[in-house]
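In: Need coordinates for the following:
(2 chains)
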Amino acid sequence: MATNEGGDVGDEDGQGDQGNQDDQQAIPITGEELRETFPRAGARDSGDISVLELPGREAATVPNSNVLRPELAEQLEHDLYAHQAEALEALECGKNICVATSTASGKTRIYALQIARHYLDARERAAETGAGKGRQNGGEKTGAVSGPTPTAYICYPTKALSRDQERELNDFYDDLGLDITVRVYDGDTERGETRRQIREEADIIITNFAGVNTYLHDHDRWARFFSACDLVVIDESHTYTGVHGMHVAWIIRRLKRVLASYDADPQFILTSATIGNPGAHSSTLIDDQVTVIDEDGSPTGPRELVLWNPPPQSSEKDGDRAGAEDAVTDRVPATVEAPRLLSHLTYHDAQTLLFTPSRKLAELSVKRAAKHRRDRSRYYTNPDRGSAIEPYHAGHSRRNRHGTEHQLKTGVLDGVASTNALELGINVGEMDATVQLGYPGQRQSFWQQIGRAGRGSKRALSVLVAGHRTLDQYVVNNSEYLLENDVEDAVVDTENDAVFAQHLLCAAAELALDESDAGAGGLADRERLEQAVEMWRRAGKLTGHLETGVSYTGPPRPQRSISLYATTGEEYTVELADGVDERHDPEMEPLAEERVLRDFHEGAVRLHEGQQYEVCAVDHTTPRPSVTLRPTDVAYHTRTRTDVTVLDAVSEESREIGTFTLHFGRGRVLVYHDAYDEVAIHGGKKQAQQLPTGNPPLSMETQLCWLEVPERVESTLVERYRDFSVPELDSDLADTAHLGYAGGLHAAEHATIGVAPLELMVDKRDLGGLATLSIDSHLASATADENGDDETSVGEDPAPQNIAAAEATVRELAMGLERKPASGWFIYDGIDGGLGFSRAIYENFEAVARRARDLIENCDCGRIDGCPACVMDDQCGNDNQPLHRGAAVDVLDHLLASASGDGSVLGSDLPIDDGEDGDRDGNEGGNGAGDEDEHETGEVDDRRPPLFYA
Amino acid sequence: MAGPTGTRVLALPPTTVLERSVATLEDIAATIKPDAVWLFGYAREPTAAARARHIMDVPVIHPPLETADGGTLPRHRIGDELEFVVAQHSRALGAVAGADSGASANVGANSGADTAAGVGNSAADGDSDRDGNGNDDGSKTEPPSADALICDQITTTTRPTALETTLDHAGELAAALPAGQETTVLTGGLPAGYDERWHLDAGTGAVRTVAHDPLRSAEPVADDAVAVRVRGAGPVDGYGGAESVVALEYSADGAVSTAAYAPGDFGLEAITGVGQKTANRLESQGVTTRAGLLDLSVAALADIEGIGAKSARRMHDHARVLESGEPRRLTDEPLPGEAWGRPPLCLDIETDGLSPTIIWQIGVYDPESDTHRAFVERDDPTDRESVVREFCDWLLGVHLNRALLTWNGWGFDYRHLGAFVARHCPEYTDDWESVPKFDLYRWATDREGTGNALLPGRTNELDVVAAELGYEGLGTGLDGARTAAAYQRFMRTGESDVLEWDRHEAYCEDDCRALWHVYERLRDAPRASGVVGSAGSARATESTGSSPNGGGSRADSKGGSTSEQTGLGDF
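Out: Residues are numbered from 1 along each chain as shown, chains lettered A, B, ... in the order given. Below is the predicted model:
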């Protein structure tokens, strides 16, 4: 199945463009030429670069007349691709569908045609029954349509995409000669009369889910549109995963509920990039059966894929080595290398799109691309050639973004450094090349991005610049991974009660909740619904009973308190400091609490649209928390440190993996962003460290999974690595025999989180971990021992206010433990209420562990403590200390051998002493006190420090 | 304020007392006429307490400053009827519980009919009548039981990740309060309007059940249980921020009602266009009251920094309206429907809640014949159609060519009627849509336009405005929330005698007539000589610091949903 070779044939709607392509048109620069010409200071060694050739694919088409009625079939210039035809047939049968095919495979065309069909059906019906019957609905249509014109609601993930598609769809219907009105209705739509007119007259309304969330409140104003709605389109549906996906899933449930109250029962069309589980994901989103269409019939041109692992830093003469802790960062960072490639490609006339992982990097990359030209002026003798490069991301104003899109399309710009805002189907024309600053994290996203180059059957060039991260290094060293047919599963979860509860308030405000909201086809099963309603009644926000209707009674418009990217619902507005000229207003969108706590503490320096801003105040008071910025100009940016602990974890499910025990459950995770560093923009040197942020901890009740390493494995590995030491380590562990083993747990924790996105469509940033020698002191049972008499005090304990206090709490709990605690590590969902990610890892733990093990084992860094490519994590709260690759591989080997029931590793590894060990082998689960005692004597005087490692 | 005098307690956070001017505090006192002030909160604010005592000249209860003698909690007697026991902190409850058994806190047993709920502005709901009388024997203990325990630490904690709301300090309450009976606890830790009965295990404080219908007679309390009726008096979230001036009124028959205002409803800030900043500026110029502001010429007012000529004019106008109680028309626009020939029919609907599942009463007052007509579903609460259909038959069949008039109908009545007509009587949809519909509230205050009139009254709720304009209501003791709750009970029990139908019809009729009264007063007010086109007036309703239908909007079943009906609702 060759669904992944993205990108070809016209834009999403413009199959008609097929005609004007030059077949096999040469690209201005090939992968090999790129490698040859790219200037380097030192040797010709340009790092590890491989060039892969991906073949094109022939189109599979179906005659239009097989599927479409003559009025439509005859007007289309080109035949339908096989998947388009299949989709239209499924729709004809009344099914909901999910189309999961490559970029530019004509997915928009499918719903555009389906809407045209509905329109023509209605016209025929009207003609049959005679015009005039039924009231005039939807304004005065010219044409013969009377009676309710069917309407369609189309949701795109971004406003930019909405505007783009509005034009495309309107043009399409103009070409077909159909009087179908397509309008965007979102936050940028002028209020008042314009909106009223769209609601009352448009046939197709394009919006986004933030809009739907808000507009549902006044559904009666939409009565005309909703009553006639027979199609809901969810475009780019694969983007709805994680927290955002949960919110969208609930908004869709609320929308369906309101539509049903207007007797509308629309079909759903979802379009998705290629993901591993389009059917399951779509079904969860819309809470209904979905037919998957994923046999891609669109053609694609050949492509060169360059995997570019930057060269060692030391070969650069300006290699600005930034302090001892960064010494491991051997290679030139992708953040530096990728902008250089962008600069180089545009110099060679290749219009290039650089994808960056953050807005900040999009901005920085433009500067760095220019700097590269200056630094290598001997090579780039004409520095202005191909130098029109702009940043692009959602933080820019619409006008600004639209200008950039237009300039790209018309060739005014030579290059753009963009966040994934341009990954989705905005029509910016056909690029010659893409550069990716780091692996985007998912194959799905990877293919989507490179599909931006070489539309049409042109050859395309795509360069992936590997960063230091685990995933990047894995991918460039295992290129077959990219070419496998598997794509990640998208994880969307509706089990998060915090998110459910917020949407329940909105649902009640929209239409009274009643018994029809319970059970199949409702919002939740009866028990969950009753429980949530009772919770809100007790809180004074709902009133009434399901039997007769539950109404909302809280502060007006609960929809406003929903933050689509967070579960806490609190969003911070961004304000400009008093006295600063309005011209400098960054016009930033509101920020989720998690982001504020991490990135917007007082003193933080953020780059936005090329302008640096310093955070001068943060107001955490509800209901209107805010962040105040003022423009600044300094030579550093700030990076926040992160410390984490877990408290009160409760196991809900567990399973044995051989002698290991894996748990899934819930608990409280405290994230501390207590301190930050000032990092020089050039060179990355930390010029000030450990400055206080003044931000409170983020406390989350979330889902976790954790692994308990059996006593015997622990003692073996402690013994094996007892001589390991870390110079100048400031920790209780520093001089203990446990240091090496703890480093192994820590490294294994980083690696398992690092590779999770290889198996699941999770965002690593939504996962966190904690390795510990004392799992038990993080469990609720430990706390209960402490305050066993406190059952009546149901209120939550206040969170320790800083990491030192949190550590003290855990240490105290560890002292009070009755049994010797197990060691291991936690992985948690970094979102209040959880996301289903750690649940997915719990279920796929062996596969994740295998990937992690291979990654660590095969990394060629040659260092005991690993490198950013294997076990180091830049978010680590402990400065990546201690880490021990060998110990980590051993732990994972034991686990995997144990899992497969293969005793050989265990047998040969474990100390062969007396028969008692053998007895215990056969005596699983019997880890009684005897074990401990003996272990303790065996380990002599090593007190196990309870400290933990994030 | 209108209404019979009962004993009034004013609940405020200390910050309001500290931050607002003397004149504003005097205005609050003059408006609410409290018999006592309760400064809620956890921290000691002696300055605020002294300031409140000095300015308002009534006893001040500030729990953190209360002192106890011996093992008992401090008591406050307000007037002849009312007595509160005050716990400085939840720990104080524990001290009492430890000192003696059960009833030692002496806050047990509701004395009489503490029945009224919600944030209305008058008496109890006769539908539920007299709860807690069975517990009167609680008062036999010496000293007699107080009416309520004040403890600001009592609040709820909602943990959505666990789908659970808990009562803080339930353990201490269970230990301190008498078992087998119900005690009312007042707290500034929960918003005004919060009213739930928590049944706790007397031994552990574990929650057994929570009874949600405040109108309903208290359920019998088991001997080993403690019932706590928790009522909030704290800030209510609204559009203008927290509404944290709360008046608790104990009427003669023992019922309690609460009304919430924003601090900005008083003093200079009550004037359109005057926020805290402008008020401070005015005060620095020696202007502290509305009367003082009227002493200043418009020109002098406009000389003050930050006040334009148009807003100065508007401020002046509104100050005069507030001071005189006379409405003022700002434009030459005719009243809505005035040009229609025949006077409009005044309409009001009653539902079962803010997201109605039924419109069970439609009241229409015809000013022409001075008659009122009510369409009521008394028999079958599952029948969503009959009332709407009868109304349509009557209106569209017999009273064609009449226009309709409502107070905030575009926020509630018309919207829901339209939806119910479309759903249950689809054949009337077109006719219904063509009936001319007017909204006096929107006409007067339209946010998108300039507004056509200034109204007296601290909030824009119909009953407040009407009372201010001299309308003498029936005093049914009902409001939208109560009448909705009463109908919900009927829906659940199916027993039609749980409602006093006549009283609920009288309430609806009263609103329709009040509407006409306001209409007439506005009609009789002189028109503006010139058209005022100030954009500043668009802020008229915002600047009161509360939602358009006013600070006490929660009281009105229409309140929440209507509060934004104009511009902002138009997303």
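
In: Identify the residues contacting whichever residue of the stretch 551-700 of chain A sits closest to chain B.
Out: Among the residues of the stretch 551-700 of chain A, residue A:551 lies closest to chain B, at 3.2 Å counting by C-beta to the nearest C-beta. Bear in mind the C-beta positions are built from the backbone N, C-alpha and C, glycine included. Counting by C-beta atoms under 8 Å, 6 or more residues apart in numbering or on different chains, residue A:551 touches A:508, A:512, A:542, A:543, A:544, B:352, B:353, B:354, B:355, B:484.

In: doesn't it fall inside a helix?
Out: No. Counting by DSSP: H, G, I helix; E, B strand; the rest coil, residue A:551 falls outside a helix, being strand.

In: Bridge partners for it, pull those for me.
Out: residue A:543 (DSSP bridges).

In: where does residue B:165 land in three-state SS?
Out: Secondary structure for residue B:165, judged by three-state DSSP, is strand.

In: I'd like to know how far the residue nearest to it when sequence neighbours are not counted sits from residue B:199.
Out: Excluding the flanking residues, the one nearest residue B:165 by C-beta to C-beta, 6 or more residues apart in numbering or on different chains is residue A:538, at 3.8 Å. Distance of residue A:538 to residue B:199, given as C-beta to C-beta, to the nearest Å: 12 Å.

In: Between these two, which contacts overlap?
Out: With C-beta under 8 Å, 6+ apart, residue A:538 and residue B:199 have common neighbours residue B:210.

In: Read off the pLDDT value for residue 2.
Out: Just going to use chain A. As predicted, residue A:2 sits at a pLDDT of 33.

In: Wait, chain B was what I had in mind.
Out: For residue B:2, pLDDT reads 39.

In: for residue B:131, same thing?
Out: 36.

In: what does the domain assignment say about chain A?
Out: Here the domain parsing of chain A from automatic domain parsing is A:15-58+A:300-490, A:61-131+A:147-293, A:497-561, A:571-634, A:643-788+A:798-949.

In: Would you mind saying which of the ones you listed lies nearest residue B:333?
Out: domain A:61-131+A:147-293 (19.0 Å; C-beta to C-beta).

In: Check the model's average confidence along that closest one for me.
Out: Taken as a whole, domain A:61-131+A:147-293 has an average pLDDT of 92.

In: can you tell if that domain touches chain B?
Out: Yes. Counting by C-beta under 8 Å from any C-beta of the partner chain, contacts between domain A:61-131+A:147-293 and chain B involve A:191-192, A:195-196, A:211, A:214-215, A:217-218, A:220-221, A:223, A:227.

In: So which of the residues you listed sit within helices?
Out: A:195, A:196, A:211, A:214, A:215, A:223, A:227 (DSSP state H).

In: coming back round to it: let's see which of the contacts of residue A:551 end up in strands.
Out: Among the contacts of residue A:551, the ones falling in strands (DSSP state E) are A:542, A:543, A:544.

In: what residues are up against the last one?
Out: Pointing back at residue A:544 there. A:512, A:550, A:551, B:352, B:353, B:488.

In: if you set the cut-off to 7 Å instead, what comes out?
Out: Shown in contact with residue A:544 (C-beta atoms under 7 Å, 6 or more residues apart in numbering or on different chains): A:550, A:551, B:353, B:488.

In: cool, and residue A:340?
Out: Contacts of residue A:340 (C-beta under 7 Å, 6+ apart): residue A:372.

In: okay, and for the stretch 401-550 of chain B, where does confidence drop off?
Out: B:447-450, B:529-550 (pLDDT under 70).

In: Can you report how many residues lie near the closest residue to chain A within it?
Out: Using C-beta to the nearest C-beta, the closest approach of the stretch 401-550 of chain B to chain A is made by residue B:491 at 4.0 Å. Residues near residue B:491, counting by other C-beta atoms under 10 Å in any protein chain shown, number 21.

In: helices and strands of the chain: which one bottoms out on pLDDT?
Out: Unless you meant another one, I'm taking chain A. Lowest on mean pLDDT, DSSP states H and E among the helices and strands of chain A sits helix A:929-938, with a mean of 31.

In: my bad, the chain I had in mind was chain B
Out: helix B:559-562 (a mean of 31).

In: could you dump stretch B:493-501 to CSV, C-alpha only?
Out: Extracted C-alpha coordinates of stretch B:493-501, given in CSV (Å, rounded to 0.1, in the frame of the first residue of the first chain):
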residue,chain,number,x,y,z
THR,B,493,-44.5,14.2,41.4
GLY,B,494,-47.3,14.6,39.0
GLU,B,495,-49.4,15.9,41.9
SER,B,496,-51.0,19.1,40.8
ASP,B,497,-51.8,20.2,44.3
VAL,B,498,-48.1,20.8,45.0
LEU,B,499,-48.6,24.2,43.3
GLU,B,500,-50.7,27.1,44.3
TRP,B,501,-51.8,27.7,40.8
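
In: Flag every buried residue along it.
Out: Using 16 or more other C-beta atoms under 10 Å in any protein chain shown as the test for burial, stretch B:493-501 gives B:498, B:499, B:500, B:501.

In: residue boundaries of the helices in the stretch 351-500 of chain B?
Out: B:386-392, B:413-424, B:429-434, B:440-445, B:462-468, B:480-493 (DSSP state H, counting those that start in this stretch).

In: Adding distance to residue A:50, write the ones you listed out as TSV.
Out: Listed next are these as TSV, based on distance: least, C-beta to C-beta, whole Å:
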stretch	distance to residue A:50
helix B:386-392	73
helix B:413-424	64
helix B:429-434	68
helix B:440-445	69
helix B:462-468	76
helix B:480-493	71
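
In: Kind regards, and thank you for your time.
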